[in-house]
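Novice: Need a 3D model of the following:
(one chain, ligands or ions: 2)
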Amino acid sequence: MLKGLYVITDETLYKGRTHADIAKSALEGGANIIQIRDKNCNDRYFYEQALEIKKMTKAYNAIFIVNDRIHIAIAVDADGINCGQKDLPCSVVKELLGKDKIIGISCSSVEMAIKAQEDGADYIGLGPIFSTTTKVDCDKTTGLEMIKNVKSHIKIPVAAIGGINSSNINLVGEYGSDMACVVSCVVCADDMIKETKKLNLLFN
Ligand code: TZP
Ligand code: MG
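Specialist: Residues are numbered from 1 along each chain as shown. Ligands and ions are numbered 1, 2, ... in the order given. From the prediction side, this is the model:
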């Protein structure tokens, strides 16, 4: 189900923590959805990490999403993919992955969200809600009101993202987001399991 805490992996934020390490702790802490995201590594490494995460998410009955790399999503039989505004069109991705797979489209406005729904997306990523340094070339922050605004225009689930942590995740829920997506807050925590558990309690 596209609901709850959604943790995205990032190996650049905390030296020594692999995608699989992060996913393992996030799952242990109760995350419902895991996305592997790496803008730099080679395909072989990405594939090996994705394969490990696929096994773990299956064991935990969680959803596994791959960022950008459609061929890897196919190769490891991930549950779905998250694409940006400048990646392949949603209809093409659907054709490649198969109709039963989940497609998320990153959006930062109502117009983008409506278009994503029209194109057949299964959920949208919405943000950055708050300011963040995790993503380079980010659109400007949308603020919390954007969640309500977007929710009033589309039926598919919304995953709020950007600058979400334990001090504001409750607000993301109050403004109506179906999912709360976090990167640095979990990846950089001293204890990733504990942090994920905390976020989970505050959001659900
Ligand atoms: N897309 C929009 S903001 C963002 C992405 C991938 C990064 C969010 O990272 P953080 O560390 O949770 O602010
Ligand atoms: Mg992309």
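Novice: Run through who's touching stretch 117-125.
Specialist: Residues outside stretch 117-125 that contact it (CB atoms under 8 Å, 6 or more residues apart in numbering) are 2, 80, 82, 89-91, 94, 102-107, 112-113, 116, 150, 154-159, 161, 178-179, 181. (Each C-beta comes from the backbone N, C-alpha and C, glycine too.)
Novice: repeat that for 6 Å
Specialist: Residues outside stretch 117-125 that contact it (CB atoms under 6 Å, 6 or more residues apart in numbering): 2, 90, 94, 102-107, 113, 116, 154, 156-159, 161.
Novice: try stretch 178-189
Specialist: So stretch 178-189 is contacted by 3, 5-8, 10, 13-14, 22, 26, 134, 157-161, 164-165, 169, 172, 192, 195-196, 203 (CB under 6 Å, 6+ apart).
Novice: and the residue of the chain found nearest ligand 2, how many neighbours?
Specialist: Distance from ligand 2 to each residue of the chain (CB to the ion) is smallest for Gly84, at 3.3 Å. Using other CB atoms under 10 Å, the number of residues around Gly84 comes to 13.
Novice: just the one 3 residues further on next, same as before
Specialist: Applying other CB under 10 Å, we find 17 residues neighbouring Asp87.
Novice: Same check on Asp77?
Specialist: Other residues close to Asp77 by other CB under 10 Å number 13.
Novice: Do a quick rundown of the strands in this structure.
Specialist: For the chain, the strands defined by DSSP state E occupy 4-8, 33-36, 63-67, 80-83, 102-107, 123-126, 158-161, 179-182.
Novice: Name the residues of the last one that are buried.
Specialist: Within strand 179-182, the residues that count as buried by 16 or more other CB atoms under 10 Å are Met179, Ala180, Cys181, Val182.
Novice: repeat for the third one
Specialist: When neighbours are counted by 16+ other CB under 10 Å, the buried residues of strand 63-67 are found to be Ile63, Phe64, Ile65, Val66, Asn67.
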